[in-house]
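**Student:** Here is the input, now give the coordinates:
(chains A and B)
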Amino acid sequence: MVNINIKSRYWEYDLHLQKRLTIISDNSGTGKTTFVELIGRYANKDEFLKCDLPCYVLPLTDRAGKWETYFNEEAVVVIDDAHPIYDLDYFEIFKNAKCYIIMINREIPALIYELSNIYRLKTVEGYHYLGEVL
Amino acid sequence: MLNIWFSRCKLAVRRPDDTFPMIYYREWFDDPFVKNMVLDVDKTKVINYQSSIDYLDQPMDTLKISGGVKSLILLYKMPNLLISGNSMGDNCAKWVLEIGKMHDCFMTLSYDMKFTEDITSTEEMICRVMNTGQLITTFRDYYYTYYGFPRDKDERLPELLDLPYPLVREGEVL
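**Tutor:** Numbering: from 1, shown residues only, chains lettered A, B, ... in the order given. Below is the predicted model:
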């Protein structure tokens, strides 16, 4: 299991990843994109971002070949809106990945249901955590 | 009327966070309808195009509103754009229907957005399925069509269809 924690005075993100593939799917305005931005900004700053593994945000403008370097590393990779990956052979990519993947998406193909845990992002007074499994 | 394309489409505005800041007008945030949408979906109170107050009573840049609301504003203010419905959550559904009642608008959808709690409801919901041209009149009709649609096989672009409306490409300003 991998834990990720980012905390400021007014809000906190506290995520515990059980499986290699975690999907967050929720309403608009619950803080999903903010989480991706925070990971991107504080990836190299250990004093703010606490995680056992290095964290990256997958740059979706890259060609598919470059993505493999992210997926073959022992790390946490965050993907915001994975539609370019759905255009590829996504089942093989997710099955063979060595990293922990957090994917933020609403469209979830039936093939990757068994590989993943699907959560809602719950928020209580600025404290964000992974809520019930859908 | 609301027009829905039941599949993914590369022509659609799929990343509103990238597209919206390039094509928006500042006056859009003076519109009470837009202010109501942002308040309902994001719990954020818009003051003007620069500043807002978020749900924690913190000051916030208005352009930091969620991607779902950005898509809704584009759907409302730029009806000729094709918007990806996957960027909108279930809490945007009632506003999509509201905008559909005002004027023609176009969106793609490849997840089962909750337009209603009861999917067998026979209440009125008027929209057109762009893939087949079928006119839908009730919620029950909609979900019957959505779940029966072979979305993975059908990847044609709306351009190939004979639509009575012009479809403007992403980034093109009206």
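**Student:** For chain B, which residue gets nearest to chain A?
**Tutor:** B:G68 (2.5 Å; CB to the nearest CB). Placement of C-beta: from N, CA and C, glycine included.
**Student:** Neighbours of that residue, how many?
**Tutor:** Residues lying near B:G68 (other CB atoms under 10 Å in any protein chain shown) number 28.
**Student:** Following the chain past the strand or helix carrying it, name the next helix or strand.
**Tutor:** In the assignment (DSSP states H and E), B:G68 maps to helix B:67-77. The helix or strand immediately downstream of helix B:67-77 is strand B:82-84, counting by DSSP H and E.
**Student:** Show me what that next one is packed up against.
**Tutor:** helix B:67-77, strand B:105-108 (3 or more CB pairs under 8 Å, 6 or more residues apart in numbering or on different chains; DSSP states H and E).
**Student:** Using CSV, lay out the ones you listed together with distance to B:S52.
**Tutor:** Output for the helices and strands packed on strand B:82-84, formatted as CSV (distance: least, CB to CB, whole Å):
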stretch, distance to B:S52
helix B:67-77, 11
strand B:105-108, 25
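**Student:** These into a markdown table, with extra columns for mean pLDDT?
**Tutor:** Converted to a markdown table, these look like this (pLDDT from 0 to 100):
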| stretch | mean pLDDT |
| --- | --- |
| helix B:67-77 | 94 |
| strand B:105-108 | 91 |
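**Student:** Which of the ones you listed sits closest to A:Y100?
**Tutor:** Nearest to A:Y100, of all these, is helix B:67-77, at 23.8 Å by CB to CB.
**Student:** by contact count, what packs against that closest one?
**Tutor:** So helix B:67-77, by 3+ CB pairs under 8 Å, 6+ apart, packs with helix B:16-23, helix B:32-42, strand B:82-84, helix B:93-102, strand B:105-108.
**Student:** so for stretch B:8-28, what's the average pLDDT?
**Tutor:** The average pLDDT within stretch B:8-28 is 88.
**Student:** got the contact list for the closest residue to A:E73 other than its chain neighbours?
**Tutor:** Take A:E73 and drop its neighbours on the chain: the residue closest to it by CB to CB, 6 or more residues apart in numbering or on different chains is A:C99, 5.7 Å away. With contact set as CB atoms under 8 Å, 6 or more residues apart in numbering or on different chains, A:C99 has these partners: A:20, A:53, A:70-77.
**Student:** Could you check the pLDDT of A:C99?
**Tutor:** 90.
**Student:** just B:F115 next, same as before
**Tutor:** Confidence score, pLDDT, at B:F115: 91.
**Student:** Please say whether there is contact between the lengthiest helix in chain A and chain B.
**Tutor:** Counting by DSSP state H, the longest helix found in chain A is helix A:32-42. Yes. Under the criterion of CB under 8 Å from any CB of the partner chain, chain B is reached by helix A:32-42 at A:T33.
**Student:** Having no further points to raise, I will conclude here.
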